[in-house]
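Student: Need coordinates for the below:
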Amino acid sequence: MPKQILKLLFLLLLLAATKPGQAAAPARIVSLSGTISEMVCDLGHQADLVGVDVTSTYPATLATLPKVGHTRSISAEGVLALRPTLVLGTTESIKPEVAAQLRSAGVSVQLFKQEYSVAGTKKLVQEVASLLGATAQVPALTKKLDADLTKVQKPTKAPKVLFVYARGTGTMMVAGQGTSVEKVIQLAGGQNAAVGFSDFKPLTAEALVAANPDYLLLFDSGLESLGGKAGLLQVPGVAQTTAGRTGHIIEMDGQLLTGFGPRLGQAAAELARLTK
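Tutor: Predicted coordinates:
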């Protein structure tokens, strides 16, 4: 039988197997951003997730899903093994060459630009919702975000807060200007104790004493890596700061603090409460 006839018969069988009006198969989504994962869940599409990155820690039920790695360490092979039809993330989630590999494999890849502000969070919710066909849920999410923000009770005087990223004493960085953590510190009514540089830079005892923060802020996992508050106080320079002398050391969940997702208002309210 000629190959053309075989191909035609195959196509006819496919058409016969597809009933008129039959709904398309659900998307198989891999999310490469904790913020995006949270939004997908809040928009009613958690059941479509088949894999997530390691920052996708909320809601807790995401812990049951396969993990594909962390941001720039994510490989195309690990993602493709989950047979996704749609990969979601931010422009910072994966390397451009990995995104290109996924697209060349026939997978739809949607990367969103994240802006660290209230307006930016609302915009991202709208963009993700539009892609998923879930715009009906947007008003409720933005209303809750606004309600959470009204609960932020800012201190009368803006305290100086220094965020320290730690993975043991061998890896300690401080957050400078323009970072997501600076933005949430400002939303909570504080000011970044680190000035004169952007992004992150290594922590030094001299810079720590010069910044003299009123509060030291860390991810809960970061503080744990140092041996808790007692371990942090052993880091050179910490005990000489106002935060060190007063014991004003704050630990918060990393995704909540810097995710700029639907719980942004909760993060700002919690930080404001802890710095009063």
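Student: Could you identify the longest strand within this protein?
Tutor: Ranked by number of residues, the top strand in the chain under DSSP state E is strand 160-166.
Student: and after it, which helix or strand comes next?
Tutor: Sequence order places strand 172-175 as the next helix or strand after strand 160-166, per DSSP states H and E.
Student: Could you tell me which strands sit next to that following strand in the sheet, and their orientation?
Tutor: Applying DSSP bridges, strand 172-175 is found paired with strand 160-166 (antiparallel), strand 200-202 (antiparallel).
Student: Would you mind giving those as TSV with distance to residue 176 added?
Tutor: No exception for glycine: its C-beta is placed from N, CA and C like everyone else's. Compiled in TSV, these are given as follows (distance: least, CB to CB, whole Å):
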stretch	distance to residue 176
strand 160-166	9
strand 200-202	6
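Student: Kindly state which of the ones you listed is positioned closest to residue 260.
Tutor: strand 160-166 (14.4 Å; CB to CB).
Student: who does the spatially closest residue to residue 127 that is not a sequence neighbour bridge with?
Tutor: For residue 127, ignoring the flanking residues on the chain, the nearest one in space by CB to CB, 6 or more residues apart in numbering is residue 112 at 5.6 Å. In this structure, residue 112 bridges to residue 90 when assessed by DSSP bridges.
Student: Which residues are in contact with residue 112?
Tutor: Going by CB atoms under 8 Å, 6 or more residues apart in numbering, residue 112 touches 36, 88, 89, 90, 91, 124, 127, 128.
Student: are any of those buried, and which?
Tutor: Buried subset of the contacts of residue 112 (neighbour count, 16 or more other CB atoms under 10 Å): 36, 88, 89, 90, 124, 128.
Student: closest to residue 272 among these?
Tutor: Nearest member of the buried ones among the contacts of residue 112 to residue 272, counting by CB to CB, is residue 124, at 22.7 Å.
Student: what about the closest one, distance to residue 220?
Tutor: As judged by CB to CB, to the nearest Å, residue 124 and residue 220 stand 25 Å apart.
Student: List the residues that contact residue 218.
Tutor: Residues near residue 218 by CB under 8 Å, 6+ apart: 163, 164, 165, 166, 226, 232, 249, 250, 251, 252.
Student: Could you give the number of residues near the fourth one?
Tutor: When counting by other CB atoms under 10 Å, one arrives at 21 neighbours for residue 166.
Student: Surely it is in contact with residue 222?
Tutor: Yes: the criterion here is CB atoms under 8 Å, and residue 166 meets it with residue 222 at 3.8 Å.
Student: any residues touching stretch 187-199, and which ones?
Tutor: Residues from elsewhere that reach stretch 187-199 (CB under 8 Å, 6+ apart): 118, 149, 152, 154-155, 158-163, 174-179, 182, 185-186, 207, 211-215, 264, 268-269, 271-272, 275.
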